[in-house]
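Participant: missing the sequence, but the structure's below:
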């Protein structure tokens, strides 16, 4: 059985990229009830459009209701669930038992248990299944071996994180943001304080700046064959706050890895090739988290410079429209004549695209297109159809 690749959708743009680049499902949040208050969350009209697009491409949409709510937070929740059911959302992701009760009371939406609920063993999974949970998203402290045991004993669908940022708080239960910024991470207000550099004062007043609460990023690419063999139903990419470039590349890589693994062809050489794309996006050093054994000190992140994240490429833009004589691109970074672009097709090998001439929408020649603007280019000389939502990037080391 091929696991479903589940990708983050922080906006409609990212939702479409995830689906087109290989995700079998996306997860997104509304304005309330989720754990990413700072994301470009969806209103009901956008969820409707996103669900329609995903379903047209045989993908599913999950809405996160995974915040731990106080009594005042429940206002409007039942009406919201009824609206999601009417839209045709495929499932909701829940942490809080009270939220679960409200979902069941007001709708027939399938319920997935959030990783925030810290399900780490088969006994807990059996209990959650008895309460109506259709899929358990395991805590990130669970290894593949343990997940295999849970799957065999609990007889419930399982989902595991395979890529993205890791949280130093147990199962994401963290209060640093609450104490340092007055924002409750368990109600959507996380400021990612564990990723900041801190000064440590020793007894002799010697100060040392360290990212001592920060973890490396998870990369489970080489573990894909084991995850498939374990019968894990869904593999999840973290990152509702990440860019459309991050979403496109991670979906493209892991979709390809799953295809190769199912064909028995995901060997060391193929993994090395796919890893080159994963270092093209902004990331911290990669680790395997707890997929093979409980994460230890090797997963701590200590950067060798002031830059917390590096990438081998920069995200340049997104194709908006492609015609026979011109391609319209919305720029996320400056672009000059003479630059060498790389086209990331939804499937297949990368394509080089030297930039010959640039034009404004009015047809005026440009030496440089500025970030945030829309420019026009002559189509690439290669005989390949460019499609809307195709990602363009430039080679070159970038730090963030």
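Facilitator: Sure, I can see it. Just so you know, these numbers come straight off a predicted model, no measurement behind them. Residues are numbered from 1 along each chain as shown.

Participant: list the beta-bridge partners for the closest residue to residue 254 other than its chain neighbours.
Facilitator: Nearest non-adjacent residue to residue 254, counting by C-beta to C-beta, 6 or more residues apart in numbering: residue 5, 5.5 Å away. No exception for glycine: its C-beta is placed from N, CA and C like everyone else's. Beta-bridge pairing for residue 5 (DSSP bridges): residue 235.

Participant: from here on, count from 50
Facilitator: Sounds good: first residue 50 from here, last item residue 54.

Participant: ok, residue 54 - contacts?
Facilitator: With contact taken as C-beta atoms under 8 Å, 6 or more residues apart in numbering, residue 54 is in contact with 71, 72, 73, 74, 283, 284, 286, 300, 303, 304, 307.

Participant: top of the residues you listed by neighbour count?
Facilitator: Using other C-beta atoms under 10 Å as the neighbour criterion, residue 72 leads these with 29 neighbours.

Participant: that residue against residue 304, yeah?
Facilitator: Yes: counting by C-beta atoms under 8 Å, residue 72 does reach residue 304; the two are 7.2 Å apart.

Participant: okay, now the domains of the chain?
Facilitator: Taking automatic domain parsing as the criterion, the chain consists of the domains 53-220+264-341, 359-448.

Participant: off-centre distance for the shortest one?
Facilitator: Read that as domain 359-448. Computed by C-alpha atoms, centre = their mean, to the nearest Å, the chain-centroid distance of domain 359-448 equals 23 Å.

Participant: before we move on, what about the first one?
Facilitator: The chain centroid and the centroid of domain 53-220+264-341 are separated by 8 Å under C-alpha atoms, centre = their mean.

Participant: quick one, longest helix in the chain?
Facilitator: helix 293-311 (DSSP state H).

Participant: for that one, which outside residues touch it?
Facilitator: 51-52, 54, 56-58, 60, 62-63, 66-67, 70-72, 211-213, 270, 273-274, 277, 284, 286, 288, 315, 319-320, 323, 326-327, 329-331, 364, 367, 381, 393, 395, 440, 442.

Participant: again, only using 6 Å
Facilitator: Outside of helix 293-311, the residues within contact range by C-beta atoms under 6 Å, 6 or more residues apart in numbering are 51, 54, 56, 62-63, 66-67, 70-72, 212, 270, 273-274, 277, 286, 288, 315, 319, 323, 326-327, 330, 364, 440.

Participant: quick check on these: which are buried?
Facilitator: Listed as buried from the contacts of helix 293-311 are 54, 56, 62-63, 66-67, 70-72, 212, 270, 273-274, 277, 286, 288, 315, 323, 326-327, 330, 364, 440; burial here means 16 or more other C-beta atoms under 10 Å.

Participant: could you list the low-confidence segments of the protein?
Facilitator: 84-89, 217-238, 240, 242-243, 248-261, 353-358, 432, 446-449 (pLDDT under 70).

Participant: please enumerate the helices of it.
Facilitator: With DSSP H as the criterion, the chain has helices spanning 61-69, 93-105, 126-136, 146-155, 171-179, 193-203, 225-230, 273-278, 293-311, 317-327.

Participant: out of these, nearest to residue 241?
Facilitator: helix 225-230 (7.9 Å; C-beta to C-beta).

Participant: give me the angle between the lengthiest strand in the chain and helix 317-327.
Facilitator: Looking across the chain with DSSP state E, the single longest strand is strand 359-371. Per axes from the mean of the first three to the mean of the last three C-alpha atoms, to 10 degrees, the angle that strand 359-371 makes with helix 317-327 is 80 degrees.

Participant: counting contacts, what elements does strand 359-371 pack onto?
Facilitator: strand 376-380, strand 440-448 (3 or more C-beta pairs under 6 Å, 6 or more residues apart in numbering; DSSP states H and E).

Participant: let me have the ones you listed in TSV, extended by distance to residue 266.
Facilitator: Shown next, in TSV, are these (distance: least, C-beta to C-beta, whole Å):
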stretch	distance to residue 266
strand 376-380	27
strand 440-448	15
